[in-house]
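>>> Okay, predicted coordinates and the sequence, questions at the end:
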Amino acid sequence: MAEPTEGGLSFHPMDQFIVKPLFGEAGDPVAWYTITNATFWMALTVVCVLLLLVLGTRGRGIVPSRIQSIAELAYGFVYKMIEDVTGKDAVKYFPYIFTLFLFILFSNFLALIPMSFSPTSQIAVTAVLGFGVFFAVTILGFVKNGASFLSLFWVSSAPLALRPILAVIEIISYFVRPVSHSIRLAGNIMAGHAVLKVFATFAALVAVAPLSLFGIVAIYGLEVLVSAIQAYVFTILTCVYLKDALHPHH
């Protein structure tokens, strides 16, 4: 909340990202077993995903209901993405990729509810997702291809003198993947919510209230789009990394 001061308003747009105990005082210590606002909204995200898939597939009517249509649309969208980007041999990994997509999508959308909390704005959450993908595709690459997986870093089409230099660059870029994968998601979600908080605070000032309200509506609409796009970007990058693991020679 904005606090009036002698010079105007004092507000802290980053306070909304503080992880707090769900029960108790805000200053209470947070242990690994503490139920926090972050764990609550992540649990709610999981519940929403389960409700979508369970209720959406319960009837399985020839003429689908609204919720069945949404479930089928999400299923077909991710399935087609995996086929187009990674290949049909990667369809067996569809459950993992589909779970990632729905978790990020619902987490982003639920965070747009007033007074909610955004788990995907926390680098601790997105790092688990990003490094989980990194370790999964790396292990899969060695399991499927053995030592030939290392050919991913050797650019055979380049001149021989440049290949060692390019190999070093490829290795560095490969190990940077989980960092960029996780920071991209957290940074975009955090930035959007911080801007929303700034515009909402200025709505308390009568002189700029109409302009601030217009900004809130515009930024909110943009955040709806960003929430979906970030889930899509995270998922398609996962498909790209999976393709490298399955086909390192391509």
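Here it is on my side, so go on. Numbers count the residues shown, from 1 in each chain.

>>> can you tell me which residues contact residue 83?
90-91 (Cβ atoms under 8 Å, 6 or more residues apart in numbering). To be clear about C-beta, it is placed using only N, CA and C from the backbone, and glycine gets the same treatment.

>>> From residue 98, how far out is it?
With distances taken as Cβ to Cβ, to the nearest Å, residue 83 is found 13 Å from residue 98.

>>> max-length helix in this structure?
When the chain is parsed with DSSP state H, its longest helix is helix 163-202.

>>> buried set for that one?
Neighbour counts using 16 or more other Cβ atoms under 10 Å place 163, 167, 177-178, 181-182, 184-186, 188-190, 192-193, 195-202 of helix 163-202 among the buried residues.

>>> what mean pLDDT would you report for that helix?
Here the mean pLDDT over helix 163-202 is 91, rounded to a whole number.

>>> average pLDDT for the very next helix or strand once past that helix?
Going down the chain from helix 163-202, the next helix or strand is helix 209-246, by DSSP states H and E. Helix 209-246 comes out with an average pLDDT of 92.

>>> Helix 209-246 - contacts with which helices or strands?
With contacts taken as 3 or more Cβ pairs under 8 Å, 6 or more residues apart in numbering; DSSP states H and E, helix 209-246 sits against helix 66-85, helix 94-110, helix 123-145, helix 163-202.

>>> okay if I get those helices as a markdown table plus distance to residue 24?
Shown next, in a markdown table, are the helices and strands packed on helix 209-246 (distance: least, Cβ to Cβ, whole Å):
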| stretch | distance to residue 24 |
| --- | --- |
| helix 66-85 | 36 |
| helix 94-110 | 23 |
| helix 123-145 | 21 |
| helix 163-202 | 24 |
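
>>> And those: which comes nearest residue 32?
Residue 32 lies closest to helix 123-145 among these, at 12.0 Å (Cβ to Cβ).

>>> In that closest one, which residues are buried?
Buried residues in helix 123-145, counted by 16+ other Cβ under 10 Å: 123, 125-127, 129-130, 132-134, 136-138, 140-141, 145.

>>> quick one: the nearest residue to residue 61 once chain neighbours are set aside from residue 132, how far?
Distances taken as Cβ to Cβ, 6 or more residues apart in numbering put residue 68 closest to residue 61, at 6.8 Å, once the chain neighbours are dropped. Counting by Cβ to Cβ, the gap from residue 68 to residue 132 is 30 Å.

>>> Then residue 153?
For residue 153 relative to residue 132 (Cβ to Cβ), the value is 22 Å.

>>> And residue 102, by the same measure?
As judged by Cβ to Cβ, residue 102 and residue 132 stand 15 Å apart.

>>> repeat for residue 110
21 Å.

>>> quick check: mean pLDDT across the strand or helix carrying residue 38?
According to DSSP H and E, residue 38 maps onto helix 37-58. The average pLDDT for helix 37-58 rounds to 90.

>>> and that helix, which residues are buried?
Neighbour-count burial for helix 37-58 [16+ other Cβ under 10 Å]: 37-39, 41-42, 44-45, 48-49, 52-53, 56.

>>> what's it packed up against?
helix 66-85, helix 94-110.

>>> just the angle between it and helix 66-85, please?
Put simply, helix 37-58 runs at 100 degrees to helix 66-85, going by axes from the mean of the first three to the mean of the last three Cα atoms, to 10 degrees.
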